[in-house]
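> mind folding the following:
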Amino acid sequence: MQRTLIKNILSDNKLIGEQVRVCGWVRTRRDSKAGFSFIELNDGSCFANLQLVVPAQLANYKSEVTQLFPGSSIAVEGELVLSQGGGQSVEIQAETVKVFGFAEPEKYPIGKQRVSFERLRELAHLRPRTNTFGAIARIRHALAMATHQFFSGRDFLYLHTPIITASDCEGAGEMFQVTTLDQNRLPRDKQGKIDYKQDFFGRKANLTVSGQLEGELYACALGNIYTFGPTFRAENSNTRRHLAEFWMIEPEMAFADLDDDAQLAEDYLKYLFSYVLEHCREDLEFFNQRIAKGLIERLTTLATAPFQRITYTEAIEILEASGAMFDYPVKWGIDMQSEHERYLTEQHFSGPVIVTDYPKEIKSFYMRLNDDNKTVAAMDVLLPEVGEIIGGSQREDRLELLEQRMQAAGIEPESYWWYLDLRRFGSVPHAGFGLGFERMVQFCTGMHNIRDVIPFPRTPNNVEF
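Numbers count the residues shown, from 1 in each chain. Down below sits the predicted model:
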């Protein structure tokens, strides 16, 4: 008999009275003096457990069933019937129980007792069996599916950009190096510097911080593309908002300006919120009750709320006039901090905000210089509770100005000859943005620490699993 997922059993009344087979992991077992045991089984397909009623008459009841503790894995066959007790609508009257693996209660670290999120990070191989992390995994999957559906539905092509690269998109230099050189016997050139000509790629290579530059190449040939892949930042940041390895979604549009970019970002976010509300209701209700009160109401509001649009200059004026005591003083030219962004979204506008036209000094070299020669056509999308969720811009499509911006940022234009070629051969206005996927999962679950919304977090001094 083929396995039936618990989510399908709980959603299909037509299976009542049928013989079914389920497989999963025991959450609880309760023995009755009436000669049977109640087992709560979860298979990861949904938040809910399925109750199994196992009679003592089974041949392996005393030898195996009574030894099933949380974490044990089993397969059960029997008739699906309406439940006579409270707490569940249906249950399986077990006719056979096959044990795949036992879990000793003295050793299994995530039994009935509550385990802190900090401790569960040390048990990342087992934490998806808990209610919280099972729900996070399902919501993460739903957001990924929604991303592909959204962009594919708008005729964007999914592009796989390289993970190993010789370029630094952000120009910050915080990159992980990739090398095959013997670290104990590094080759040197005549000047005493490391001779990367002897390395695997014949030059210094790193893990990518963004697929944007390569995405621009394809957008300027195929129209609209998006990337969805891992990115890496060698920042020594031990905060609840930073990871060394995370996933980025980066659409890029040819023949588009900053307004087009902002509209795409707004439409995309609303689509994500609507999608999880429709497809992950049970999991969201858990987070709404246990993790972040008001989560569902917030997502519901944002799915239809208008996004206010203001310039950076207007944002600074609002902050200066607020009278609020910020930890970071406000003046034109600062890189706004989370406290400033949250003031705008939570207190002044009470909703999402798109801030545009930032000072050129605080933004990357590839952003299009505005006519005032002071600001660039950049945008940040700000949400309540988290602040910035999306950063994007119209790209500089004028060769001479791009070269000037690169030189001012200390970047050698010769190293990016291929990027500059886009401006030499059929240059077009184009724009795009980046969204950190884990930030979105964090926002949609209400989880406090970003390390809990990625299966295996990579942070300073942590590369376990």
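> show me the contacts for the nearest residue to Pro352 once chain neighbours are set aside.
Counting by Cβ to Cβ, 6 or more residues apart in numbering, Pro352 lies nearest to Phe307, which is 4.6 Å off, once chain neighbours are set aside. Where C-beta positions appear, they are placed from N, C-alpha and C, glycine not excepted. Contact analysis of Phe307 by Cβ atoms under 8 Å, 6 or more residues apart in numbering lists Ala262, Glu266, Gly351, Pro352, Val353, Ile354, Val381.
> rerun at 6 Å
Residues near Phe307 by Cβ atoms under 6 Å, 6 or more residues apart in numbering: Glu266, Pro352, Ile354.
> run through the strands of the stretch 151-300 of the chain in chain order.
157-159, 164-165, 177-178, 205-207, 224-232, 245-254 (DSSP state E, counting those that start in this stretch).
> quick check: which of those strands is buried the most?
Among those, strand 245-254 has the highest mean neighbour count (mean count of other Cβ atoms under 10 Å), at a mean of 23.
> sheet partners, orientation included, of that one?
strand 224-232 (antiparallel), strand 430-436 (antiparallel) (DSSP bridges).
> what helix or strand is the closest residue to Arg290 other than its chain neighbours located in?
Leaving aside its sequence neighbours, Arg290 sits nearest to Thr132 (Cβ to Cβ, 6+ apart; 7.6 Å). Element membership for Thr132 (DSSP states H and E) is helix 131-153.
> who does that helix touch, helix- and strand-wise?
If you count contacts as 3 or more Cβ pairs under 6 Å, 6 or more residues apart in numbering; DSSP states H and E, helix 131-153 packs onto helix 258-279, helix 281-290, helix 437-445.
> reformat those helices as CSV; add mean neighbour count.
Output for these, formatted as CSV (neighbours: other Cβ atoms under 10 Å):
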stretch, mean neighbour count
helix 258-279, 19
helix 281-290, 17
helix 437-445, 24
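> I'd like to know which of these is closest to Ser415.
For Ser415, the closest of the helices and strands packed on helix 131-153 is helix 258-279, at 26.5 Å, according to Cβ to Cβ.
> now what about that closest one, what contacts it?
Contacts of helix 258-279 (Cβ under 6 Å, 6+ apart): 142-143, 146, 150, 299, 302-303, 307, 354, 377, 379, 381, 390, 392, 394, 431, 433, 444.
> and Gly171, what's its pLDDT?
At Gly171, the model reports a pLDDT of 58.
> ditto for the one 3 residues further on
The predicted structure scores Glu174 at 86 on the pLDDT scale.
> and the residue found closest to it once you drop the neighbours it is linked to in the chain, how far from Ile249?
Nearest non-adjacent residue to Glu174, counting by Cβ to Cβ, 6+ apart: Ala234, 4.7 Å away. Ala234 is 21 Å from Ile249, where distance means Cβ to Cβ, to the nearest Å.
> so what does the closest residue in space to Pro359 that isn't next to it in sequence look like in phi/psi?
In space, and not counting its chain neighbours, Pro359 is closest to Gly333: 5.3 Å by Cβ to Cβ, 6+ apart. Backbone torsions of Gly333, given as degrees, to the nearest 10, read phi 110, psi -10.
> so what's the residue count around Gly333?
Residues lying near Gly333 (other Cβ atoms under 10 Å) number 11.
> so Glu95: helix, strand or coil?
State at Glu95, reduced to three classes by DSSP: H, G, I helix; E, B strand; the rest coil: strand.
> my read: it touches Val76, true?
No: look at Glu95 against Val76 with Cβ atoms under 6 Å: they stay out of range, at 8.3 Å.
> of these two, who's got more company?
Val76 (22 against 14).
> circling back: tell me the confidence at the residue nearest to Pro359?
Looking at Gly333, its pLDDT reads 97.
> ok, back up a step: need the strands paired with strand 245-254 in TSV with distance to Leu420, can you?
TSV is the format used below for the strands paired with strand 245-254 (distance: least, Cβ to Cβ, whole Å):
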stretch	distance to Leu420
strand 224-232	20
strand 430-436	14
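> what's the closest of those strands to Glu412?
Of the strands paired with strand 245-254, nearest to Glu412 by Cβ to Cβ is strand 224-232, at 22.3 Å.
> and the contacts of that closest one?
Here strand 224-232 has contacts from 151, 156-157, 159, 161, 176, 207-211, 215, 218-219, 245, 247-253, using Cβ under 6 Å, 6+ apart.
> off-centre distance for it?
12 Å (Cα atoms, centre = their mean, to the nearest Å).
> what about the stretch 101-250 of the chain, any weak spots by pLDDT?
Along the stretch 101-250 of the chain, segments meeting pLDDT under 70 span 169-173.
> buried residues, the lengthiest strand in the chain. List them.
Across the chain, the longest stretch assigned as strand under DSSP state E is strand 19-32. Within strand 19-32, the residues scored as buried using 16 or more other Cβ atoms under 10 Å are Val20, Val22, Cys23, Gly24, Trp25, Val26, Arg27, Thr28, Arg29.
> tell me the one of the residues you listed nearest Val90?
Of these, the one sitting nearest to Val90 (Cβ to Cβ) turns out to be Val20, at 9.9 Å.
> that closest one touches Glu79, doesn't it?
No: the pair Val20 / Glu79 is not scored as a contact, 7.7 Å apart, by Cβ under 6 Å.
> anything in contact with each of these two?
By Cβ under 6 Å, 6+ apart, Val20 and Glu79 have no common neighbours.
> any buried residues in stretch 157-174, and which?
Leu159, Thr161, Thr165, Ser167, Asp168, Cys169.
> list the contacts for the second one?
The contact partners of Thr161, by Cβ under 6 Å, 6+ apart, come to Gly211, Glu214, Thr227.
> give me the phi and psi for the residue nearest to it when sequence neighbours are not counted.
Leaving aside its chain neighbours, Thr161 sits nearest to Gly211 (3.1 Å; criterion: Cβ to Cβ, 6+ apart). Main-chain dihedrals, Gly211, degrees, to the nearest 10: phi -100, psi 10.
> use 27 as the first number from now on
With 27 as the first residue, the last one maps to Gly237.
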